[in-house]
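# Could you work out the structure for the sequence below:
(one chain, ligands or ions: 2)
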Amino acid sequence: MAGTSPHAEFESLSQLVQELVINGKELPQRYVHKGGDHGEIGASFPVMEVPVIDLGLLSSSSDIAGEELKKLQFALSSCGCFQAINHGIARSFLDEVHGVAKQFFALPMEEKQKYSRTVDGIEGYGSDKVLSEHQPLNWTYRLYLTLKPEDQRKLNLWPKNPENFREILHEYTIKLGMLTEVILKAMAKSLNLEEKCFLNQYGEGATMTAKFNLYPPCPRPDLTLGVKPHADASAITFLLQDKEVEGLQVMKDEQWFRVPIIPDALLINVGDQVEIMSNGIFKSPLHRVVLNSERERITVAVFCNPESDKEIGPVEETHQ
Ligand SMILES: O=C(O)CCC(=O)C(=O)O
Ligand SMILES: [Fe+2]
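Numbers count the residues shown, from 1 in each chain. Ligands and ions are numbered 1, 2, ... in the order given. Model prediction:
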């Protein structure tokens, strides 16, 4: 699109997806993903048995906690993710987090565009940033926001509608901040390492960002993706899945597996930073999002990243 600004292109593409949702037209070429090295999209894939970890048991008597830590260690070194249950966040609160995301995405486009990502920024509402003519686009809208450190929040991009959006997101940040500590400690303990060794590298001034994802229904889920294959650059990621519509796939042993929905569970995955800190024992899994032709899917990912100017590296005791 020579002659138009990237922003104008972004605007017209975002309208394109909106039109497609309404009119159900053919898929534009820009959205066609060739499977490439990562294989087919539309095939039926097996369900992955993602280990379910009861976080409440981690603080119980040592035998029971020991068993749960073994399960955690297995989960993180095999598929790189687990379903956390009994995590202390009420079902009704998780429903509210999902609910405010749903209400925001249901607003008219003009209202959502008040929170649009700017041309040179990464935060805010929008679809894929177009960096090259040949880049396959993801079939998604997202709202990306910094949560922590608090003084780095761009509150002008935090929706005022629905009116409890900001309050819910603030509360969710606090709850996940506490869980991050619990999980980083458990990860270290599961490897018989000093319990704070990951947490110390993670640092006091760690960054948390949220990505609210909307995947509209897609007329050709066999040709395109909601998110192309990637591994998260975070230390760990919390994913609040849609309770009704599946879509996440994780790669293990060169094969895609579907991640099942467990109501009330938070899916937690290792990111590249913890893979490094654990000297590669824990895996930052390759994952992608497939689409549904009938139904939209809404998820909320929260990325927890080590303090930005802290150097990280494999924890000493993991060196062979
Ligand atoms: O929406 C999902 O299921 C996963 C999203 C994801 O992987 C991401 O935002 O990094
Ligand atoms: Fe991801």
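# and the top helix by length along the chain, which residues are buried?
As assigned by DSSP state H, the longest helix anywhere in the chain is helix 165-190. For helix 165-190, burial by neighbour count (16 or more other CB atoms under 10 Å) applies to 165-166, 168-169, 172-173, 175-176, 179-180, 182-190. All C-beta spots, glycine's among them, are computed from the backbone N, C-alpha and C.
# Could you check how far the residue in the stretch 101-250 of the chain that ligand 1 sits nearest to is from Asn161?
With CB to the nearest ligand atom as the measure, Leu248 is the residue of the stretch 101-250 of the chain nearest to ligand 1, at 3.7 Å. As for Leu248, its distance to Asn161 is 28 Å (criterion: CB to CB, to the nearest Å).
# Tell me which of those two has more neighbours.
Between Leu248 and Asn161, counted using other CB atoms under 10 Å, the more crowded position is Leu248 (25 against 14).
# separation between that one and Gln201?
Leu248 is 27 Å from Gln201, by CB to CB.
# Output stretch 157-164 as PDB, restricted to C-alpha atoms.
What follows is stretch 157-164, C-alpha atoms only, in PDB (Å, rounded to 0.1, in the frame of the first residue of the first chain):
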ATOM      1  CA  LEU A 157      -5.600   3.500  27.100                       C
ATOM      2  CA  TRP A 158      -7.500   1.800  29.900                       C
ATOM      3  CA  PRO A 159     -11.100   1.600  28.900                       C
ATOM      4  CA  LYS A 160     -13.600   3.700  30.900                       C
ATOM      5  CA  ASN A 161     -16.400   1.500  29.500                       C
ATOM      6  CA  PRO A 162     -17.500  -0.800  31.000                       C
ATOM      7  CA  GLU A 163     -17.100   1.300  34.100                       C
ATOM      8  CA  ASN A 164     -15.600  -1.300  36.300                       C
END
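# Would you map the strands across this protein?
52-54, 81-85, 124-126, 141-148, 207-215, 227-230, 236-240, 248-252, 255-258, 266-270, 287-289, 297-305 (DSSP state E).
# just to revisit the earlier point, near ligand 1, list only the ones from the buried residues of helix 165-190.
Subset of the buried residues of helix 165-190 in contact with ligand 1: empty, counting by CB under 6 Å from any ligand atom.
# quick one on the thing from earlier: mind putting the strands of the chain in TSV, mean pLDDT included?
Formatted as TSV, the strands of the chain follow (pLDDT from 0 to 100):
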stretch	mean pLDDT
strand 52-54	97
strand 81-85	98
strand 124-126	94
strand 141-148	97
strand 207-215	97
strand 227-230	94
strand 236-240	98
strand 248-252	97
strand 255-258	96
strand 266-270	98
strand 287-289	97
strand 297-305	98
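# Could you provide those strands in JSON lines, with additional columns for distance to Lys71?
Below are the strands of the chain laid out as JSON lines (distance: least, CB to CB, whole Å):
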{"stretch": "strand 52-54", "distance to Lys71": "6"}
{"stretch": "strand 81-85", "distance to Lys71": "8"}
{"stretch": "strand 124-126", "distance to Lys71": "38"}
{"stretch": "strand 141-148", "distance to Lys71": "29"}
{"stretch": "strand 207-215", "distance to Lys71": "26"}
{"stretch": "strand 227-230", "distance to Lys71": "26"}
{"stretch": "strand 236-240", "distance to Lys71": "17"}
{"stretch": "strand 248-252", "distance to Lys71": "17"}
{"stretch": "strand 255-258", "distance to Lys71": "18"}
{"stretch": "strand 266-270", "distance to Lys71": "13"}
{"stretch": "strand 287-289", "distance to Lys71": "21"}
{"stretch": "strand 297-305", "distance to Lys71": "21"}
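# for this structure, what helix or strand is lowest in average pLDDT?
helix 6-23 (a mean of 50; mean pLDDT, DSSP states H and E).
# tell me which parts of the chain are close to ligand 1?
For the chain, the residues in contact with ligand 1 (CB under 6 Å from any ligand atom) are 211, 213, 227, 232, 239, 247-248, 287, 289, 299, 301.
# Weed out the non-buried ones from those.
Here, 16+ other CB under 10 Å leaves 211, 213, 227, 232, 239, 247-248, 287, 289, 299, 301 buried among these.
# Pull the most distant pair out of these.
Largest separation among these by CB to CB: Asp232 and Gly247, giving 16.1 Å.
# Just give the nearest non-adjacent residue to Tyr48, would you?
Careful, residue 48 is Met and not Tyr. Phe257 (3.4 Å; CB to CB, 6 or more residues apart in numbering).
# swap in Val274?
Among residues not flanking Val274 along the chain, Ala235 sits closest, at 5.0 Å (CB to CB, 6+ apart).
# okay, the residues of the chain next to ligand 1 in TSV with distance to Leu131 next?
Shown next, in TSV, are the residues of the chain next to ligand 1 (distance: CB to CB, whole Å):
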residue	distance to Leu131
Lys211	18
Asn213	19
Val227	16
Asp232	19
Leu239	25
Gly247	24
Leu248	24
His287	21
Val289	20
Thr299	24
Ala301	21
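# and the residue nearest the centre of the chain, what is it in contact with?
Nearest to the geometric centre of the chain sits Ala301, at 3.2 Å (CA atoms, centre = their mean). Applying CB atoms under 8 Å, 6 or more residues apart in numbering, we find Ala301 in contact with 210-211, 213, 237-240.
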